[in-house]
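S.K.: The sequence and its predicted three-dimensional model are supplied below.
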Amino acid sequence: MTSGQNKIDPRTPILVGQAQVAQHEDQLANAAGPIELMSQAVREAFADADVRIESSRNSLTIDALRVVRSLSTRNTNPGRDIASTLGIDANEYGLTPHGGNMPQYLVNSAALQIRDNGAQMIVLTGGESFRSRRRARAAQMTLPWMEMHDGEAPTALGEDLVMNHEIELAHNIMLPIEIYPMFETALRYRDKRTVAEHQKHISELWSRFSGVAATNPHAWIQQKYTAEAIRTPTQDNRMIGFPYTKLMNSNNDVDMAAALVMCSVERAEALGIARDKWIFLHAGTDCHEHNFVSHRYSFTDTPAIRIGGQRVLQLAQKSIDEIENIDLYSCFPSAVQLGAESLGVSLDRQLTCTGGLSFAGGPFNNYVMHAIATTMTKLRENTQETGLVWANGGYATKHAFGVYATTPPQHGFKHESPQSEVDSLPRREVATAIDAQGSATVEAYSVMHDRTGAPEKVRAAVLLADGRRAWATSDNTQLGQDMCETEWVGKTITLDATGDIKIG
(Lines give C-alpha, C1' and ligand atoms only; values in the text may rest on other atoms or scores of the structure.)
Protein backbone atom coordinates (compact mmCIF):
# COMPACT_ATOMS: atom_id res chain seq x y z
CA MET A 1 0.00 0.00 0.00
CA THR A 2 1.25 3.47 -0.83
CA SER A 3 -0.22 6.61 0.67
CA GLY A 4 -3.29 8.33 1.99
CA GLN A 5 -6.27 6.78 3.65
CA ASN A 6 -5.45 3.22 2.53
CA LYS A 7 -1.91 3.16 3.84
CA ILE A 8 -1.22 0.23 6.17
CA ASP A 9 1.28 0.42 9.00
CA PRO A 10 4.38 -1.40 7.68
CA ARG A 11 4.66 -3.26 11.01
CA THR A 12 1.23 -4.87 10.54
CA PRO A 13 1.51 -8.70 10.80
CA ILE A 14 0.02 -10.78 8.00
CA LEU A 15 -0.13 -14.40 6.93
CA VAL A 16 1.03 -14.81 3.34
CA GLY A 17 1.62 -18.54 2.85
CA GLN A 18 -0.03 -21.76 3.90
CA ALA A 19 0.25 -25.44 3.04
CA GLN A 20 -1.14 -28.78 4.15
CA VAL A 21 0.41 -32.20 3.50
CA ALA A 22 -1.14 -35.65 3.97
CA GLN A 23 0.77 -38.88 3.41
CA HIS A 24 -1.25 -42.02 2.60
CA GLU A 25 1.73 -44.35 2.08
CA ASP A 26 1.20 -48.08 2.57
CA GLN A 27 4.80 -49.08 1.78
CA LEU A 28 6.57 -48.42 5.07
CA ALA A 29 10.00 -48.23 3.47
CA ASN A 30 8.75 -45.23 1.48
CA ALA A 31 7.04 -43.46 4.37
CA ALA A 32 8.41 -40.00 5.12
CA GLY A 33 8.98 -38.98 8.71
CA PRO A 34 7.64 -35.82 10.34
CA ILE A 35 10.75 -33.75 9.55
CA GLU A 36 10.35 -34.52 5.86
CA LEU A 37 6.60 -33.85 5.93
CA MET A 38 7.07 -30.55 7.76
CA SER A 39 9.86 -29.57 5.34
CA GLN A 40 7.51 -30.26 2.45
CA ALA A 41 4.81 -28.16 4.08
CA VAL A 42 7.20 -25.23 4.64
CA ARG A 43 8.43 -25.42 1.04
CA GLU A 44 4.84 -25.44 -0.24
CA ALA A 45 3.81 -22.59 2.07
CA PHE A 46 6.56 -20.41 0.61
CA ALA A 47 5.44 -21.47 -2.87
CA ASP A 48 1.89 -20.48 -1.94
CA ALA A 49 3.23 -17.00 -1.16
CA ASP A 50 5.20 -17.03 -4.45
CA VAL A 51 8.47 -16.69 -2.51
CA ARG A 52 11.45 -18.71 -3.70
CA ILE A 53 13.60 -20.18 -0.97
CA GLU A 54 16.26 -21.86 -3.10
CA SER A 55 18.63 -18.90 -2.71
CA SER A 56 17.30 -17.72 0.63
CA ARG A 57 20.70 -17.87 2.35
CA ASN A 58 21.58 -14.75 0.43
CA SER A 59 18.25 -13.01 0.00
CA LEU A 60 15.69 -14.03 2.63
CA THR A 61 15.91 -13.38 6.35
CA ILE A 62 13.79 -15.64 8.55
CA ASP A 63 13.60 -14.37 12.10
CA ALA A 64 12.29 -17.65 13.47
CA LEU A 65 11.25 -21.14 12.42
CA ARG A 66 8.93 -22.44 15.13
CA VAL A 67 7.64 -25.99 15.44
CA VAL A 68 4.63 -27.41 17.27
CA ARG A 69 5.85 -30.34 19.37
CA SER A 70 5.36 -33.69 17.64
CA LEU A 71 4.77 -37.12 19.16
CA SER A 72 6.33 -38.98 16.24
CA THR A 73 9.77 -37.38 16.01
CA ARG A 74 12.70 -37.85 18.36
CA ASN A 75 14.62 -34.89 16.94
CA THR A 76 15.83 -32.58 19.70
CA ASN A 77 15.60 -29.49 17.50
CA PRO A 78 13.17 -30.18 14.63
CA GLY A 79 13.20 -26.55 13.45
CA ARG A 80 16.93 -26.63 12.77
CA ASP A 81 16.60 -29.99 11.00
CA ILE A 82 13.81 -28.63 8.79
CA ALA A 83 15.91 -25.59 7.92
CA SER A 84 18.85 -27.84 7.08
CA THR A 85 16.63 -29.98 4.84
CA LEU A 86 15.46 -26.89 2.96
CA GLY A 87 18.81 -25.10 2.89
CA ILE A 88 17.56 -22.02 4.75
CA ASP A 89 18.63 -20.20 7.91
CA ALA A 90 16.69 -18.69 10.78
CA ASN A 91 17.83 -16.57 13.69
CA GLU A 92 15.80 -18.72 16.09
CA TYR A 93 14.58 -22.32 16.11
CA GLY A 94 11.68 -22.71 18.52
CA LEU A 95 9.71 -25.67 19.89
CA THR A 96 6.44 -25.60 21.83
CA PRO A 97 5.25 -27.77 24.72
CA HIS A 98 2.33 -30.09 24.07
CA GLY A 99 -1.12 -28.59 23.55
CA GLY A 100 -3.68 -28.25 20.79
CA ASN A 101 -3.79 -24.51 21.49
CA MET A 102 -0.19 -24.11 20.35
CA PRO A 103 -0.69 -23.36 16.62
CA GLN A 104 -2.94 -20.36 17.33
CA TYR A 105 -0.72 -19.35 20.24
CA LEU A 106 2.24 -19.32 17.83
CA VAL A 107 0.33 -17.14 15.37
CA ASN A 108 -0.63 -14.72 18.15
CA SER A 109 2.90 -14.50 19.56
CA ALA A 110 4.48 -14.15 16.10
CA ALA A 111 2.07 -11.33 15.30
CA LEU A 112 3.11 -9.53 18.48
CA GLN A 113 6.78 -9.99 17.64
CA ILE A 114 6.26 -8.58 14.15
CA ARG A 115 4.19 -5.66 15.43
CA ASP A 116 6.31 -4.72 18.42
CA ASN A 117 9.80 -6.20 18.19
CA GLY A 118 10.95 -5.68 14.62
CA ALA A 119 10.56 -9.24 13.33
CA GLN A 120 10.02 -9.36 9.57
CA MET A 121 9.28 -13.04 8.80
CA ILE A 122 8.37 -16.00 11.01
CA VAL A 123 7.62 -19.52 9.77
CA LEU A 124 5.39 -21.92 11.74
CA THR A 125 5.03 -25.64 11.14
CA GLY A 126 4.00 -28.89 12.75
CA GLY A 127 3.49 -32.46 11.68
CA GLU A 128 3.13 -36.10 12.57
CA SER A 129 3.96 -39.42 10.94
CA PHE A 130 2.10 -41.25 13.68
CA ARG A 131 0.31 -43.69 11.37
CA SER A 132 3.58 -44.82 9.81
CA ARG A 133 5.33 -44.92 13.18
CA ARG A 134 2.61 -47.11 14.67
CA ARG A 135 2.63 -49.49 11.70
CA ALA A 136 6.42 -49.71 11.71
CA ARG A 137 6.46 -50.60 15.41
CA ALA A 138 3.79 -53.24 14.84
CA ALA A 139 5.98 -54.70 12.07
CA GLN A 140 9.04 -54.46 14.38
CA MET A 141 10.71 -52.09 11.93
CA THR A 142 12.81 -49.07 12.82
CA LEU A 143 12.73 -46.51 10.04
CA PRO A 144 15.65 -44.06 9.86
CA TRP A 145 13.54 -41.12 11.03
CA MET A 146 12.46 -43.03 14.13
CA GLU A 147 15.98 -42.85 15.56
CA MET A 148 17.04 -40.20 18.06
CA HIS A 149 18.54 -37.08 16.47
CA ASP A 150 20.35 -34.93 19.00
CA GLY A 151 21.22 -31.31 18.43
CA GLU A 152 21.46 -27.91 20.00
CA ALA A 153 18.50 -27.25 22.27
CA PRO A 154 15.73 -25.20 20.65
CA THR A 155 14.18 -22.06 22.08
CA ALA A 156 11.37 -23.09 24.42
CA LEU A 157 8.06 -21.49 23.47
CA GLY A 158 4.84 -21.09 25.43
CA GLU A 159 3.72 -22.10 28.89
CA ASP A 160 3.90 -25.79 29.79
CA LEU A 161 1.04 -26.13 32.27
CA VAL A 162 0.82 -28.98 34.76
CA MET A 163 -2.72 -30.23 34.17
CA ASN A 164 -3.09 -33.39 36.30
CA HIS A 165 -3.79 -33.06 40.01
CA GLU A 166 -2.05 -35.64 42.22
CA ILE A 167 -5.45 -36.99 43.30
CA GLU A 168 -6.47 -37.51 39.66
CA LEU A 169 -3.20 -39.34 39.06
CA ALA A 170 -3.75 -41.46 42.18
CA HIS A 171 -6.98 -42.71 40.58
CA ASN A 172 -5.22 -43.16 37.22
CA ILE A 173 -7.57 -40.64 35.60
CA MET A 174 -5.51 -38.70 33.06
CA LEU A 175 -6.43 -39.60 29.46
CA PRO A 176 -8.52 -37.27 27.28
CA ILE A 177 -10.55 -40.30 26.16
CA GLU A 178 -11.61 -40.71 29.82
CA ILE A 179 -12.24 -37.06 30.68
CA TYR A 180 -14.00 -35.57 27.62
CA PRO A 181 -16.81 -38.15 27.92
CA MET A 182 -17.36 -36.84 31.44
CA PHE A 183 -18.12 -33.41 30.01
CA GLU A 184 -20.56 -35.16 27.67
CA THR A 185 -22.53 -37.02 30.34
CA ALA A 186 -22.76 -33.84 32.43
CA LEU A 187 -24.11 -31.92 29.41
CA ARG A 188 -26.62 -34.70 28.72
CA TYR A 189 -27.96 -34.59 32.27
CA ARG A 190 -28.15 -30.80 32.32
CA ASP A 191 -30.07 -30.73 29.04
CA LYS A 192 -32.48 -33.44 30.27
CA ARG A 193 -31.92 -35.83 27.37
CA THR A 194 -32.16 -39.58 27.68
CA VAL A 195 -29.10 -41.63 26.78
CA ALA A 196 -30.63 -42.54 23.41
CA GLU A 197 -31.71 -38.96 22.68
CA HIS A 198 -28.27 -37.61 23.45
CA GLN A 199 -26.49 -40.21 21.33
CA LYS A 200 -28.69 -39.11 18.45
CA HIS A 201 -27.94 -35.44 19.21
CA ILE A 202 -24.15 -35.75 19.16
CA SER A 203 -24.06 -38.17 16.23
CA GLU A 204 -26.08 -35.72 14.14
CA LEU A 205 -23.58 -32.99 15.02
CA TRP A 206 -20.68 -35.24 14.03
CA SER A 207 -22.41 -36.28 10.81
CA ARG A 208 -22.51 -32.62 9.79
CA PHE A 209 -18.79 -32.36 10.52
CA SER A 210 -18.08 -35.40 8.34
CA GLY A 211 -20.03 -33.73 5.56
CA VAL A 212 -17.60 -30.81 5.63
CA ALA A 213 -14.61 -33.19 5.57
CA ALA A 214 -16.12 -34.89 2.52
CA THR A 215 -15.65 -31.65 0.57
CA ASN A 216 -12.23 -30.76 2.03
CA PRO A 217 -9.41 -31.87 -0.32
CA HIS A 218 -6.98 -31.91 2.63
CA ALA A 219 -9.15 -34.04 4.94
CA TRP A 220 -7.78 -37.40 5.98
CA ILE A 221 -11.21 -39.07 5.61
CA GLN A 222 -13.20 -37.53 2.77
CA GLN A 223 -16.44 -39.33 3.48
CA LYS A 224 -19.80 -38.28 4.87
CA TYR A 225 -21.15 -40.58 7.56
CA THR A 226 -24.77 -40.83 8.62
CA ALA A 227 -25.59 -40.09 12.24
CA GLU A 228 -26.70 -43.69 12.71
CA ALA A 229 -23.36 -45.01 11.42
CA ILE A 230 -21.47 -42.71 13.80
CA ARG A 231 -23.39 -43.66 16.95
CA THR A 232 -23.78 -47.38 16.28
CA PRO A 233 -20.99 -49.54 17.74
CA THR A 234 -19.55 -52.05 15.27
CA GLN A 235 -16.32 -53.99 14.92
CA ASP A 236 -14.82 -51.02 13.03
CA ASN A 237 -16.53 -48.40 15.16
CA ARG A 238 -16.21 -49.81 18.66
CA MET A 239 -17.18 -47.95 21.79
CA ILE A 240 -14.05 -46.46 23.34
CA GLY A 241 -15.02 -44.20 26.26
CA PHE A 242 -18.80 -44.15 26.55
CA PRO A 243 -20.66 -42.25 25.23
CA TYR A 244 -18.11 -42.04 22.37
CA THR A 245 -17.65 -44.53 19.59
CA LYS A 246 -14.38 -44.50 17.65
CA LEU A 247 -15.83 -42.10 15.06
CA MET A 248 -16.52 -39.59 17.83
CA ASN A 249 -12.86 -39.55 18.91
CA SER A 250 -10.05 -37.48 17.46
CA ASN A 251 -8.36 -39.47 14.68
CA ASN A 252 -4.66 -39.31 15.58
CA ASP A 253 -3.70 -42.21 13.31
CA VAL A 254 -2.55 -39.90 10.52
CA ASP A 255 0.55 -38.67 8.69
CA MET A 256 -0.05 -34.94 8.25
CA ALA A 257 1.82 -31.65 8.35
CA ALA A 258 1.02 -27.98 7.84
CA ALA A 259 2.95 -24.72 7.67
CA LEU A 260 2.26 -20.99 7.77
CA VAL A 261 4.42 -18.08 6.63
CA MET A 262 3.93 -14.81 8.51
CA CYS A 263 5.61 -11.50 7.84
CA SER A 264 5.20 -7.76 8.13
CA VAL A 265 3.42 -5.74 5.46
CA GLU A 266 6.78 -4.09 4.84
CA ARG A 267 8.46 -7.43 4.10
CA ALA A 268 5.55 -8.63 1.96
CA GLU A 269 5.78 -5.53 -0.20
CA ALA A 270 9.58 -5.84 -0.47
CA LEU A 271 9.23 -9.46 -1.63
CA GLY A 272 6.44 -8.58 -4.04
CA ILE A 273 3.92 -10.92 -2.42
CA ALA A 274 0.60 -10.35 -4.16
CA ARG A 275 -2.04 -8.52 -2.13
CA ASP A 276 -4.58 -11.28 -2.71
CA LYS A 277 -2.36 -13.63 -0.70
CA TRP A 278 -2.49 -11.49 2.45
CA ILE A 279 -4.58 -12.54 5.42
CA PHE A 280 -4.72 -10.15 8.39
CA LEU A 281 -4.95 -11.33 11.97
CA HIS A 282 -7.30 -8.75 13.47
CA ALA A 283 -7.13 -9.97 17.06
CA GLY A 284 -5.91 -12.80 19.25
CA THR A 285 -6.36 -13.93 22.83
CA ASP A 286 -4.77 -16.62 25.00
CA CYS A 287 -5.96 -17.93 28.38
CA HIS A 288 -6.65 -21.13 30.28
CA GLU A 289 -9.17 -22.59 32.70
CA HIS A 290 -8.18 -23.55 36.24
CA ASN A 291 -5.31 -25.95 35.51
CA PHE A 292 -6.84 -29.03 37.11
CA VAL A 293 -10.20 -30.48 36.17
CA SER A 294 -10.52 -31.20 39.90
CA HIS A 295 -10.78 -27.46 40.54
CA ARG A 296 -13.26 -26.58 37.75
CA TYR A 297 -16.52 -25.42 39.20
CA SER A 298 -18.67 -27.28 36.66
CA PHE A 299 -18.29 -29.85 33.90
CA THR A 300 -20.84 -27.91 31.82
CA ASP A 301 -19.19 -24.50 31.87
CA THR A 302 -15.94 -23.29 30.31
CA PRO A 303 -15.52 -19.70 31.44
CA ALA A 304 -12.07 -19.24 29.90
CA ILE A 305 -13.55 -19.98 26.47
CA ARG A 306 -16.32 -17.49 27.15
CA ILE A 307 -13.97 -14.77 28.41
CA GLY A 308 -11.26 -15.36 25.81
CA GLY A 309 -13.81 -15.61 23.02
CA GLN A 310 -15.70 -12.48 24.04
CA ARG A 311 -12.45 -10.56 24.34
CA VAL A 312 -11.13 -11.53 20.92
CA LEU A 313 -14.43 -10.50 19.33
CA GLN A 314 -14.37 -7.18 21.18
CA LEU A 315 -10.80 -6.54 20.05
CA ALA A 316 -11.76 -7.38 16.47
CA GLN A 317 -14.89 -5.22 16.74
CA LYS A 318 -17.07 -8.12 15.59
CA SER A 319 -20.01 -10.05 16.97
CA ILE A 320 -20.08 -13.83 16.62
CA ASP A 321 -22.99 -13.45 14.17
CA GLU A 322 -20.73 -11.41 11.88
CA ILE A 323 -18.20 -14.25 11.58
CA GLU A 324 -18.96 -16.32 8.49
CA ASN A 325 -16.23 -18.96 8.92
CA ILE A 326 -15.87 -20.61 12.32
CA ASP A 327 -13.61 -23.47 13.30
CA LEU A 328 -14.20 -24.78 16.80
CA TYR A 329 -11.76 -27.29 18.24
CA SER A 330 -13.40 -30.66 17.77
CA CYS A 331 -11.44 -33.44 19.45
CA PHE A 332 -14.72 -34.79 20.87
CA PRO A 333 -18.37 -33.66 20.59
CA SER A 334 -18.34 -32.21 24.12
CA ALA A 335 -15.59 -29.77 23.13
CA VAL A 336 -17.70 -28.36 20.30
CA GLN A 337 -20.79 -28.06 22.51
CA LEU A 338 -18.86 -26.32 25.28
CA GLY A 339 -17.12 -24.02 22.80
CA ALA A 340 -20.29 -23.12 20.94
CA GLU A 341 -22.22 -22.39 24.12
CA SER A 342 -19.40 -20.29 25.58
CA LEU A 343 -19.13 -18.29 22.35
CA GLY A 344 -22.90 -17.88 22.01
CA VAL A 345 -23.18 -19.66 18.68
CA SER A 346 -25.84 -22.19 17.69
CA LEU A 347 -24.91 -25.82 17.05
CA ASP A 348 -27.02 -25.54 13.91
CA ARG A 349 -24.39 -23.34 12.31
CA GLN A 350 -21.43 -24.78 10.43
CA LEU A 351 -18.80 -24.85 13.16
CA THR A 352 -15.87 -26.34 11.28
CA CYS A 353 -13.91 -25.28 8.20
CA THR A 354 -12.07 -28.60 7.89
CA GLY A 355 -14.43 -31.33 9.09
CA GLY A 356 -12.84 -31.65 12.53
CA LEU A 357 -10.32 -33.92 14.18
CA SER A 358 -12.32 -37.13 13.69
CA PHE A 359 -12.54 -36.75 9.92
CA ALA A 360 -10.19 -34.04 8.64
CA GLY A 361 -7.53 -35.57 10.88
CA GLY A 362 -6.24 -35.00 14.39
CA PRO A 363 -2.42 -34.84 14.23
CA PHE A 364 -2.14 -34.38 18.01
CA ASN A 365 -1.02 -30.82 18.81
CA ASN A 366 -1.10 -29.49 15.24
CA TYR A 367 -4.72 -29.77 14.06
CA VAL A 368 -5.33 -26.04 14.40
CA MET A 369 -2.55 -25.18 11.96
CA HIS A 370 -4.61 -27.06 9.36
CA ALA A 371 -7.68 -25.13 10.48
CA ILE A 372 -5.86 -21.81 10.04
CA ALA A 373 -4.54 -22.84 6.62
CA THR A 374 -8.05 -23.84 5.55
CA THR A 375 -9.48 -20.58 6.90
CA MET A 376 -6.89 -18.64 4.89
CA THR A 377 -7.99 -20.43 1.73
CA LYS A 378 -11.67 -19.79 2.41
CA LEU A 379 -11.07 -16.09 3.04
CA ARG A 380 -9.03 -15.71 -0.13
CA GLU A 381 -11.97 -17.22 -2.02
CA ASN A 382 -14.54 -15.05 -0.19
CA THR A 383 -12.73 -11.80 0.40
CA GLN A 384 -15.53 -10.01 2.25
CA GLU A 385 -15.83 -12.69 4.93
CA THR A 386 -14.19 -13.12 8.33
CA GLY A 387 -12.91 -16.21 10.14
CA LEU A 388 -12.61 -17.21 13.79
CA VAL A 389 -10.46 -20.11 15.01
CA TRP A 390 -10.61 -21.53 18.54
CA ALA A 391 -7.72 -23.74 19.59
CA ASN A 392 -7.89 -25.98 22.65
CA GLY A 393 -5.31 -27.94 24.63
CA GLY A 394 -5.50 -30.37 27.51
CA TYR A 395 -8.95 -31.18 28.90
CA ALA A 396 -10.69 -28.08 27.52
CA THR A 397 -7.95 -26.35 29.50
CA LYS A 398 -5.75 -24.11 27.32
CA HIS A 399 -7.37 -21.78 24.79
CA ALA A 400 -6.19 -19.56 21.98
CA PHE A 401 -8.36 -17.51 19.61
CA GLY A 402 -7.76 -15.69 16.36
CA VAL A 403 -9.96 -13.53 14.12
CA TYR A 404 -8.88 -13.35 10.46
CA ALA A 405 -9.85 -11.31 7.39
CA THR A 406 -8.49 -10.18 4.02
CA THR A 407 -8.95 -6.55 5.02
CA PRO A 408 -6.63 -4.77 7.47
CA PRO A 409 -7.86 -4.14 11.04
CA GLN A 410 -9.01 -0.57 11.50
CA HIS A 411 -6.80 0.00 14.55
CA GLY A 412 -4.09 -2.59 13.97
CA PHE A 413 -3.63 -6.07 15.42
CA LYS A 414 -4.85 -6.37 19.03
CA HIS A 415 -4.01 -9.04 21.60
CA GLU A 416 -4.89 -9.68 25.23
CA SER A 417 -4.54 -12.47 27.78
CA PRO A 418 -7.48 -12.14 30.20
CA GLN A 419 -6.02 -14.72 32.56
CA SER A 420 -6.46 -12.73 35.77
CA GLU A 421 -10.21 -12.59 35.10
CA VAL A 422 -10.34 -16.39 34.75
CA ASP A 423 -8.16 -16.97 37.81
CA SER A 424 -10.55 -14.95 39.98
CA LEU A 425 -13.48 -17.29 39.26
CA PRO A 426 -14.73 -19.80 41.85
CA ARG A 427 -13.03 -23.17 42.09
CA ARG A 428 -13.85 -26.37 43.92
CA GLU A 429 -11.69 -28.08 46.48
CA VAL A 430 -10.89 -31.72 45.84
CA ALA A 431 -11.03 -34.50 48.41
CA THR A 432 -8.80 -37.54 48.76
CA ALA A 433 -10.37 -40.97 48.55
CA ILE A 434 -10.14 -41.44 52.30
CA ASP A 435 -11.89 -38.13 52.96
CA ALA A 436 -14.53 -38.87 50.32
CA GLN A 437 -15.63 -42.29 51.58
CA GLY A 438 -19.32 -42.58 52.15
CA SER A 439 -22.17 -40.97 50.26
CA ALA A 440 -21.61 -38.83 47.12
CA THR A 441 -23.57 -37.60 44.10
CA VAL A 442 -22.43 -38.50 40.59
CA GLU A 443 -21.55 -35.33 38.69
CA ALA A 444 -20.13 -36.82 35.50
CA TYR A 445 -18.79 -40.18 34.33
CA SER A 446 -17.32 -42.19 31.50
CA VAL A 447 -17.19 -45.92 30.86
CA MET A 448 -14.01 -47.17 29.26
CA HIS A 449 -14.35 -50.17 26.95
CA ASP A 450 -11.83 -52.85 26.02
CA ARG A 451 -10.75 -53.56 22.45
CA THR A 452 -13.65 -55.98 21.98
CA GLY A 453 -16.09 -53.17 22.77
CA ALA A 454 -17.07 -54.46 26.21
CA PRO A 455 -17.37 -52.19 29.28
CA GLU A 456 -14.20 -52.37 31.34
CA LYS A 457 -13.75 -49.46 33.78
CA VAL A 458 -15.91 -46.69 35.22
CA ARG A 459 -14.44 -43.24 35.81
CA ALA A 460 -16.58 -40.72 37.68
CA ALA A 461 -16.46 -37.27 39.23
CA VAL A 462 -18.65 -36.94 42.30
CA LEU A 463 -19.72 -34.12 44.61
CA LEU A 464 -19.68 -34.43 48.37
CA ALA A 465 -22.25 -32.86 50.67
CA ASP A 466 -19.86 -30.01 51.50
CA GLY A 467 -19.41 -29.12 47.80
CA ARG A 468 -15.99 -30.67 47.34
CA ARG A 469 -15.29 -32.78 44.28
CA ALA A 470 -13.90 -36.31 44.51
CA TRP A 471 -13.00 -39.02 42.01
CA ALA A 472 -14.47 -42.51 41.89
CA THR A 473 -13.67 -45.64 39.90
CA SER A 474 -14.97 -49.16 39.44
CA ASP A 475 -13.96 -52.30 37.57
CA ASN A 476 -17.46 -53.73 37.90
CA THR A 477 -18.43 -54.45 34.29
CA GLN A 478 -22.13 -54.84 35.12
CA LEU A 479 -22.12 -51.35 36.60
CA GLY A 480 -20.34 -50.11 33.49
CA GLN A 481 -22.98 -51.70 31.26
CA ASP A 482 -25.80 -50.15 33.28
CA MET A 483 -24.13 -46.73 33.07
CA CYS A 484 -24.17 -47.04 29.28
CA GLU A 485 -27.90 -47.76 29.24
CA THR A 486 -29.34 -45.50 31.94
CA GLU A 487 -28.57 -42.10 33.42
CA TRP A 488 -26.27 -42.14 36.45
CA VAL A 489 -25.51 -38.44 36.74
CA GLY A 490 -27.41 -37.14 39.76
CA LYS A 491 -27.54 -40.53 41.48
CA THR A 492 -26.28 -41.04 45.01
CA ILE A 493 -23.54 -43.65 45.33
CA THR A 494 -21.30 -44.92 48.11
CA LEU A 495 -17.49 -44.85 47.97
CA ASP A 496 -15.04 -46.91 49.98
CA ALA A 497 -11.75 -45.60 51.32
CA THR A 498 -9.97 -46.24 47.98
CA GLY A 499 -12.54 -44.35 45.90
CA ASP A 500 -14.12 -47.53 44.56
CA ILE A 501 -17.87 -47.43 43.95
CA LYS A 502 -19.59 -49.91 46.28
CA ILE A 503 -22.41 -51.92 44.72
CA GLY A 504 -25.04 -53.68 46.83
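M.R.: Sure, I can see it.

S.K.: Might you list the low-confidence residue ranges for the protein?
M.R.: Residue ranges of the chain with pLDDT under 70: 1-6, 55-59, 504.

S.K.: most centrally placed residue in it?
M.R.: The centroid of the chain falls nearest to residue 100 when counting by C-alpha atoms, centre = their mean (3.4 Å).

S.K.: pretty sure it contacts residue 370?
M.R.: No. If you go by C-beta atoms under 8 Å, residue 100 and residue 370 don't touch, sitting 11.4 Å apart. For every residue, glycine as well, the C-beta is placed using N, CA and C.

S.K.: Which of the three states applies to the closest residue to residue 242 other than its chain neighbours?
M.R.: If the residues on either side of it in the chain are set aside, residue 242 comes closest to residue 447, at 3.9 Å by C-beta to C-beta, 6 or more residues apart in numbering. Per DSSP: H, G, I helix; E, B strand; the rest coil, the secondary structure class of residue 447 is strand.

S.K.: can you count the residues close to residue 447?
M.R.: 27 (other C-beta atoms under 10 Å).

S.K.: That one and residue 495, how far apart?
M.R.: For residue 447, the distance to residue 495 equals 17 Å [C-beta to C-beta, to the nearest Å].

S.K.: List the contacts of the residue nearest to residue 242.
M.R.: For residue 447, the contact set (C-beta atoms under 8 Å, 6 or more residues apart in numbering) comprises 181, 241-242, 455-459, 480, 483-484.

S.K.: Can you flag the buried ones in these?
M.R.: By neighbour count, with 16 or more other C-beta atoms under 10 Å, the contacts of residue 447 hold 181, 241-242, 455, 457-459, 480, 483-484 as buried.

S.K.: Among those, which lie within helices?
M.R.: Of the buried ones among the contacts of residue 447, the ones assigned to helices by DSSP state H are 181, 480, 483-484.

S.K.: which pair in those residues spans the largest distance?
M.R.: 181 and 480 (12.3 Å; C-beta to C-beta).

S.K.: Give me the common contacts of these two.
M.R.: Residues touching both residue 181 and residue 480 (C-beta under 8 Å, 6+ apart): 242, 447.

S.K.: what's the closest of the contacts of residue 447 to residue 93?
M.R.: Distance to residue 93 across these (C-beta to C-beta) is lowest for residue 241, with 37.1 Å.

S.K.: Test my guess that the closest one contacts residue 448.
M.R.: Yes. When contacts are counted by C-beta under 8 Å, residue 241 is listed as touching residue 448 (5.3 Å).

S.K.: any common contacting residues for those two?
M.R.: Contact criterion C-beta under 8 Å, 6+ apart; residues shared by residue 241 and residue 448: 177-178.

S.K.: Give me the domain ranges for this protein.
M.R.: Per the record, the chain has its domains at 11-162+252-423, 433-502, by automatic domain parsing.

S.K.: looking at these, which is closest to residue 201?
M.R.: domain 11-162+252-423 (8.6 Å).

S.K.: ok now that closest one, how far from the chain's centre?
M.R.: Distance of domain 11-162+252-423 from its chain centroid, counting by C-alpha atoms, centre = their mean, to the nearest Å, is 9 Å.

S.K.: Spell out the residue ranges of the helices in the stretch 251-400 of the chain.
M.R.: Secondary structure of the stretch 251-400 of the chain (DSSP state H, counting those that start in this stretch): helices at 265-271, 303-316, 333-343, 367-381.

S.K.: ranges for the helices of the stretch 1-150 of the chain?
M.R.: In the stretch 1-150 of the chain, the helices defined using DSSP H, counting those that start in this stretch lie at 34-48, 56-59, 78-86, 102-116, 130-138.

S.K.: got TSV for these, with distance to residue 216 and mean neighbour count too?
M.R.: Below are the helices of the stretch 1-150 of the chain laid out as TSV (distance: least, C-beta to C-beta, whole Å; neighbours: other C-beta atoms under 10 Å):
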stretch	distance to residue 216	mean neighbour count
helix 34-48	16	25
helix 56-59	31	11
helix 78-86	25	22
helix 102-116	17	24
helix 130-138	18	18
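
S.K.: Alright, I will stop here.
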